[in-house]
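A.B. asks: Provided below are the primary sequence and the corresponding predicted coordinates.
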Amino acid sequence: MQITQHFSDYEFECPCCKRNEIRHDFVKRLEKLYEILDSAIGIKAIFVNSGYRCAQHSLSVGGFTDDCHVLGFAADIHVIKNDNSSVSSFDVAEAAEIIGFGGIGIITSIDCHIDDRSVYPYKNKHWYGNEKTGENYATFKGRGEYTNKIQEVVRLLNNKNQIKIKLFFDDKEYSGLITED
């Protein structure tokens, strides 16, 4: 079943048991992340490496039986630009922070954990960090290559007099926002 324009239920299934208890409002916030990154950078896809996990699978991959994946409001993602290169996890993290995701973790230079712990009851409401090094961050703002573009798109999205466009010219796709001054 299609949840949003860019995400379907099957993307969030637990790989071991095929159960899926992902919260659809969490996926709708991921769609907002897609919109911001697409408008700022031009992306082809957000791949969900790991969405919902049953407790047993979460333990087997180094998680916990009560982590955000098990509770249905987390995803580990990888973002691909229109030129097929990967978006840095710091750019993804910055956009996710601006949207208001409470849990954001750098997994690798191109893979990022996103969760909605600030929305749902969870043992801690905030965590920004690096899963490999254990380093915690106060913010991801200013750490990515596309900081200015991402922040401009968010500013424009908050403006009510705008439309999102896609233009096809010479077999190439261009997308962005048009605002009324």
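C.D. replies: That came in fine, so what should we check first?
A.B. asks: so what's residue 34 up against?
C.D. replies: 5-7, 43, 46 (C-beta atoms under 8 Å, 6 or more residues apart in numbering). In this view, the C-beta of every residue, glycine as well, is placed from N, C-alpha and C.
A.B. asks: hmm, try it at 7 Å
C.D. replies: For residue 34, the set of contacting residues under the criterion of C-beta atoms under 7 Å, 6 or more residues apart in numbering consists of 6, 46.
A.B. asks: can you give me the helices in this structure?
C.D. replies: Counting by DSSP state H, residue ranges of the helices within the chain are 24-40, 55-60, 68-71, 89-99, 147-157.
A.B. asks: would you single out the least confident of these?
C.D. replies: Per-stretch averages of pLDDT across the helices of the chain put helix 147-157 at the bottom, with a mean of 85.
A.B. asks: mind listing what's buried in it?
C.D. replies: Burial within helix 147-157, assessed by neighbour count using 16 or more other C-beta atoms under 10 Å, is assigned to 147, 149-151, 153-154, 156-157.
A.B. asks: out of the helices of the chain, flag the one nearest residue 18.
C.D. replies: Taking C-beta to C-beta, helix 55-60 is the member of those nearest to residue 18, at 10.6 Å.
A.B. asks: tell me how far that closest one lies from the chain's centre.
C.D. replies: Here the centre of helix 55-60 is set off from its chain's centre by 22 Å, with C-alpha atoms, centre = their mean, to the nearest Å.
A.B. asks: OK, contacts around residue 95?
C.D. replies: Applying C-beta under 7 Å, 6+ apart as the definition, the contact partners of residue 95 turn out to be 33, 36-37, 150.
A.B. asks: so how far is residue 120 from it?
C.D. replies: From residue 95 over to residue 120 the distance is 20 Å, taken as C-beta to C-beta, to the nearest Å.
A.B. asks: right, and the helices of the chain - which one's nearest residue 114?
C.D. replies: Closest approach to residue 114 among the helices of the chain is made by helix 89-99 (5.0 Å; C-beta to C-beta).
A.B. asks: quick one, the closest one and helix 147-157 angle?
C.D. replies: Regarding helix 89-99 and helix 147-157, their directions subtend 30 degrees when assessed with axes from the mean of the first three to the mean of the last three C-alpha atoms, to 10 degrees.
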